[in-house]
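Student: Build me a model:
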Amino acid sequence: MNKADLTKRPHEVASMFDEVSTHYDRMNTVLSAGSDHLWRIATTRAIDPRPGELVLDVAAGTGTSSAAIAARGAHVVAADFSAGMIEVGRARQASNPRVEFVQADATELPFGDDEFDAVTISFGLRNIVQPKKALAEFFRVTKPGGRLVICEFSTPPAAAVRAAYYGYLRLGMPLVARLASSNAPAYEYLMDSIRAWPSQPTLAGWLREAGYERVAYRNLTAGIVALHRGFVPLGKQGPLATAADAGKTS
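Tutor: Below is the predicted model of the structure:
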């Protein structure tokens, strides 16, 4: 059984998700006590996909979130690093013409500049070894005026909620994973990665550094999860170009 660690070596992360791909969606529902459905609804509403738009769903897994976005009329490119997830997703979404799967590294996306109306990633950014590089790639492939929506586990602001949640991660989640999963060690990594992930204000700062404007976030389920959103400026410049221009003299 494969378990990645917080070095997040890409091949280890991909292999771990390959192993859990078949039952991944079921385990998400079990471990979240059904809250994953509510988080998906909130994320889709935040993306606000419209008919005819092209949306990139990064770390799409088996395409459950992609299908929810496509149901609003958009065409969705479901990208994931795990070949196992892609295989399961293609089988499950075979009859859905608005969802197409692409195996891709989030830090080196195989797409051109300004291709997508929106980019989204749910519960995947913390699994990327260079999340800031991924954010720069999301910015690059999004059209001027387009938007980014991130749904990710976060830090509950209330101390009592935070203590109870971390207690569940330490004691409850491993027990449930051992009873219901074929790869319980993978969910130990899940617990570790959640606790190591930065707070909501820190992630919002990363979005601003990447070049996004009108950055905001809102907590879901008392801050166990947070939705982050940012918009690509109409006069789009990448952060590196902006920094270079700042050093020029007229």
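
Student: Might you list the low-confidence residue ranges for this structure?
Tutor: 1-31, 33, 177, 179-187, 238-250 (pLDDT under 70).

Student: Give me the helices and strands touching the strand ranked longest in the chain, please.
Tutor: In the chain, with assignment by DSSP state E, the single longest strand is strand 142-153. Packed against strand 142-153 by the contact rule (3 or more Cβ pairs under 8 Å, 6 or more residues apart in numbering; DSSP states H and E) you find helix 35-47, strand 116-122, helix 131-141, helix 200-210, strand 225-231. Every residue, glycine included, has its C-beta placed from N, CA and C.

Student: can you tell which of the ones you listed is closest to S193?
Tutor: helix 131-141 (11.3 Å; Cβ to Cβ).

Student: so S154 touches T221, yeah?
Tutor: No - contact criterion Cβ atoms under 8 Å: S154 and T221 do not qualify, at 9.6 Å.

Student: Between those two, which is the more surrounded one?
Tutor: S154 (24 against 18; other Cβ atoms under 10 Å).

Student: got a list of what the nearest residue to the more buried one once chain neighbours are set aside touches?
Tutor: Closest residue in space to S154, ignoring its immediate chain neighbours: A226 at 3.9 Å, by Cβ to Cβ, 6 or more residues apart in numbering. If you count contacts by Cβ atoms under 8 Å, 6 or more residues apart in numbering, A226 has them with C151, E152, S154, Q200, L203, Y217, R218, N219, L220.
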